[in-house]
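Peer 1: task: produce atomic coordinates for the following.
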Amino acid sequence: MGITKLAHLIHFDAPASMRSKEIGDYSGKIIALDTSIVVNQFRSALPGHLKLSPLAGLFYRTLAFLEHDIKPVFILDGKPPIQKKAVLEKRAQSTGWSSSQSPNTGSTFKQECLRLLHLMGVPCIKAPGEAEALCAHLVKIGTVNAVASEDMDTLAFGGTVLLRQLNAKRDSEITEYSLPKLLEALQLNYEEFVDLCILLGCDYCDKIGGLGPSRALKLIKEHHTIEGVMEHVNRKTHPIPLNWQYEDARKLFFESPKIDDPVLAWSEPDEEGLVQFLCKEKPLKEERVRGRMKKFRETLLKRRKQREVNEKMGQTRQSRLEDFFPATRKRKAESAAVKESSGRKQSKIK
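Peer 2: Here you go, the predicted structure:
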């Protein structure tokens with residue numbers, strides 16, 4: 001779910017914090033993706049008995065990112081916080097996935113995703129908790145350039161740059177959100193913004209009844225904290241949940257994941273390994289996988305030739321083909337002073 005109606009509020013109250021982009025605008029960028037959201041996009045669109053479909057979708061989409069010079073970093077969920085239990089159970093009932101299956105089923109599918117991504121030569125990191133929280137942390141410290149997700153809670157976790165609809169289609173319109181610009185437009189500090197997100201509705205606690213986006217924003221601007229809002233809100237028209245755990249939700253958004261800044265490494269996809277996994281062990285047709293890999297190699301070769309032409313014409317040098325898959329790459333954290341300039345440059349498996 002993310003944050004209820006946050007995108008709606010931004011559209012009307014802070015349009016300057018969002019802008020339309022195209023996939024080519026992120027060439028050369030490192031993008032963190034919540035693996036669960038990517039996989040669930042394919043799962044929700046296809047019959048549940050087609051178990052390969054999410055893996056096939058992940059395969060094709062990842063290749064498309066690489067063809068656009070996008071360096072994807074896939075983040076897997078760790079142990080979900082106890083505050084999210086009710087939401088997870090509700091989702092399981094509506095989708096027939098996750099909690100409704102045996103624990104080993106989800107674990108097996110996660111291992112298959114890890115294996116696929118390893119064969120494709122892209123880094124995959126298991127988060128200590130919520131994948132979205134780690135994605136936000138990585139862009140906040142400058143390890144990645146942006147987070148691609150459909151969940152707006154990336155912003156509540158402090159992610160400075162959020163991309164929605166980064167679906168690898170050339171003609172698709174991507175929406176880029178800048179957290180620094182959003183805070184400026186709403187005239188809120190980050191702490192006030194987190195409280196606003198909790199008032200709007202999040203995955204970690206209930207919300208005050210009958211409180212819409214405009215009213216919630218007005219109350220936070222006037223009273224600055226949830227505690228201040230509770231003192232002044234009309235409890236008859238806006239009932240406050242019994243034993244409301246908003247402080248625990250606030251703590252989850254504020255806490256940084258306990259993980260070392262990762263060293264990110266990319267390598268060329270292992271075609272033979274992919275054929276063995278997707279076509280021998282899984283029922284994907286070999287000619288489709290081979291054909292897609294051939295197109296991938298041709299695209300990279302075409303890009304290399306274009307870069308050589310650009311270099312001869314004196315244009316700014318870009319990375320050569322052999323530099324596209326460096327052995328290692330680690331980005332240092334950027335200081336808070338350049339977060340704003342970084343913003344300008346720049347579904348879950350249980």
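Peer 1: which parts of the stretch 101-250 of the chain are strands?
Peer 2: Under the criterion DSSP state E, counting those that start in this stretch, the stretch 101-250 of the chain contains strands at 124-126, 146-148, 161-164, 174-178.
Peer 1: send the alpha carbons of the third one over as CSV?
Peer 2: If I follow you right, that is strand 161-164. Extracted in CSV, the C-alpha atoms of strand 161-164 (Å, rounded to 0.1, in the frame of the first residue of the first chain):
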residue,chain,number,x,y,z
VAL,A,161,14.7,10.3,-5.3
LEU,A,162,11.8,8.0,-6.2
LEU,A,163,10.9,6.8,-9.6
ARG,A,164,7.5,5.4,-10.4
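Peer 1: burial of the nearest residue to Pro262 once chain neighbours are set aside, as a residue count?
Peer 2: Closest residue to Pro262 apart from its sequence neighbours, by CB to CB, 6 or more residues apart in numbering: Ile125 at 5.7 Å. For every residue, glycine as well, the C-beta is placed using N, CA and C. Using other CB atoms under 10 Å, Ile125 is surrounded by 18 other residues.
Peer 1: beta-bridge partners for Ile125, please?
Peer 2: Listed beta-bridge partners, Ile125: Ile75 (assigned using DSSP bridges).
Peer 1: that one against Leu134, yeah?
Peer 2: Yes. Assessed by CB atoms under 8 Å, Ile125 is found in contact with Leu134 at 7.0 Å.
Peer 1: find residues that contact each of the two.
Peer 2: Between them, Ile125 and Leu134 share these contacting residues under CB atoms under 8 Å, 6 or more residues apart in numbering: 75, 259.
Peer 1: can you pull the buried residues of stretch 118-134?
Peer 2: Going by neighbour count (16 or more other CB atoms under 10 Å), the buried part of stretch 118-134 is 119-125, 127, 129-134.
Peer 1: quick one: mean pLDDT over it.
Peer 2: Looking at stretch 118-134 alone, the average pLDDT works out to 94.
Peer 1: ok, Ile198 touching Tyr246?
Peer 2: Yes. Counting by CB under 8 Å, Tyr246 is a contact partner of Ile198 at 5.3 Å.
Peer 1: higher neighbour count, the two?
Peer 2: Taking other CB under 10 Å, Ile198 and Tyr246 do not tie; Ile198 has more neighbours (27 against 21).
Peer 1: list the contacts of that one.
Peer 2: 204-205, 207, 226, 246, 249-250, 253.
Peer 1: check the gap between it and Lys29 for me.
Peer 2: When distance is defined by CB to CB, to the nearest Å, Ile198 is 31 Å away from Lys29.
Peer 1: before we move on, back to that, shared neighbours of Ile198 and Tyr246, anything?
Peer 2: Counting by CB under 8 Å, 6+ apart, the residues touching both Ile198 and Tyr246 are 205, 226.
Peer 1: report the buried residues of the helix of greatest length in the chain.
Peer 2: For the chain, the helix with the greatest residue count under DSSP state H is helix 286-312. Within helix 286-312, the residues scored as buried using 16+ other CB under 10 Å are 289, 293, 296, 300, 303-304, 307.
Peer 1: make a markdown table from the residues you listed and add distance to Phe65 and pLDDT to it.
Peer 2: A markdown table is the format used below for the buried residues of helix 286-312 (distance: CB to CB, whole Å; pLDDT from 0 to 100):
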| residue | distance to Phe65 | pLDDT |
| --- | --- | --- |
| Val289 | 17 | 95 |
| Met293 | 15 | 96 |
| Phe296 | 11 | 93 |
| Leu300 | 13 | 84 |
| Arg303 | 14 | 81 |
| Arg304 | 18 | 77 |
| Arg307 | 18 | 74 |
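Peer 1: give me the most central residue, this structure.
Peer 2: Nearest to the centroid of the C-alpha atoms of the chain, with distances taken as CA atoms, centre = their mean, sits Ser149, at 3.2 Å.
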